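J.: please find the sequence and the predicted model below.
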Amino acid sequence: SDKYRNSELHKMEDLLMNDNLETVQLLPLTSDIVFKQVFGQEESKPILRVFLNDVLGLDIQSSEQITLLNPIIDPKYLDDKMCILDVRVQLSDRSLIDIEIQVLNRHNMEKRALYYTCQLCTEQLHTGDDYSKTAPVYGLNLLCFDLYEDSRYYRSFVLKDEETNETYRQTFKISFFELRKAVSELSQTKEVETFELSGLTARDQWALFINSGQQEVYEKLIEENKTFEEAYERLKKASSDETLMAMYRNREKAIRDWNDSINSARKDGEQRVNALYEKLLQENRGSEIPKAIADPTFRAKLFNEYGI
């Protein structure tokens, strides 16, 4: 029945989303420090090559075509929650790729992605360099939160002519891969329900590998593709590294502290606003509440007036 089917779908989604069921005791690939260790080191370039081809649709023939620009993880930056632990790559044709995995939704993702992808352009040229030296740039953003409201979990943006839809000749691409949404959507497919993962696209398989954290998913993907086996072995090795574990914990603590500070500030702000509205109502000034809601300057003036 439909009721039973919906129940089973919810169970599968829970399984894939790490809820309620026992999962592999590995560090999460959704942590930027773990992702960088698994995908962003010299010995992991064969894995990275396949990943970039599958997700971005590139045609990198050899891992020798990949140069890692920032493979070192500096421990002194890990307690900085704003520090970016991205994987930055240059290809043999001088194309530049920046891969960033984001756990926190700071509500600025599109602007942030635009800034860092543009930065790939500006950092290519030095004083006196000719513009002909500019190379294609790609910004790949792996998100552990939902950025868009529809069910699409992967999308890419390029520059195009408004009238003819002609693509700009110089490649400038920003991609968003919403991992949480991907797992949620994929959990409702026949392939995932039956664990026949060979029927999924390579990109979908990577979404499951990075964000499922579930043993049976790992095992099935390893059966399908040797690259997943290599990535899984690197993940196991990273998870048993005490130094990396300590760095991971420090990084997670910094992120939790940031979350706590934001939540505390939000709570304090709500209390201030509620106190202001109560004052206005007590003094029969309730008609000013809509303006206080819409006008930050007026609201600040009222805060000052009442000493809140």
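T.: That came in fine, so what should we check first? Residues are numbered from 1 along each chain as shown.

J.: just confirm Ile97 is within a helix.
T.: No. The assignment for Ile97 (DSSP: H, G, I helix; E, B strand; the rest coil) gives strand, which keeps it out of a helix.

J.: grab the nearest non-local neighbour of Gly139.
T.: In this structure, Gly139 finds its nearest non-sequential neighbour in Thr117, 3.4 Å apart by Cβ to Cβ, 6 or more residues apart in numbering. The way it works is simple: take the backbone N, C-alpha and C, and place the C-beta from them, glycine included.

J.: the one you found is in contact with Phe176, isn't it?
T.: No. Counting by Cβ atoms under 8 Å, Thr117 does not reach Phe176; the two are 11.4 Å apart.

J.: hmm, back to that, give the burial count for the residue nearest to Gly139, as a bare number.
T.: Using other Cβ atoms under 10 Å, Thr117 has 23 neighbouring residues.

J.: for it, what are its contacts?
T.: Taking Cβ atoms under 8 Å, 6 or more residues apart in numbering, we find Thr117 in contact with 98, 137-139, 172-174.

J.: now, these that are in helices?
T.: Using DSSP state H, no member of those falls within helices.

J.: in this protein, what helix or strand scores lowest on average pLDDT?
T.: The weakest-scoring helix or strand in the chain, judged by mean pLDDT, DSSP states H and E, is helix 2-16 (a mean of 51).

J.: can you pull up the bridge partners for the residue most central in space within the chain?
T.: In the chain, the centroid-proximal residue (Cα atoms, centre = their mean) is Leu143; its distance is 2.4 Å. Beta-bridge pairing of Leu143 under DSSP bridges involves Gln102, Glu178.

J.: in the contacts of Thr117, find the pair that's most separated.
T.: With Cβ to Cβ as the measure, no two of the contacts of Thr117 lie farther apart than Asp98 and Phe172, at 12.2 Å.

J.: what is in contact with those two at once?
T.: Common neighbours of Asp98 and Phe172 (Cβ under 8 Å, 6+ apart) are 117, 137.

J.: so the two - more neighbours on which side?
T.: More neighbours surround Asp98 than the other of Asp98 and Phe172, with 22 against 18 (other Cβ under 10 Å).

J.: where do the strands of the stretch 1-150 of the chain begin and end?
T.: 66-68, 87-91, 96-102, 137-143 (DSSP state E, counting those that start in this stretch).
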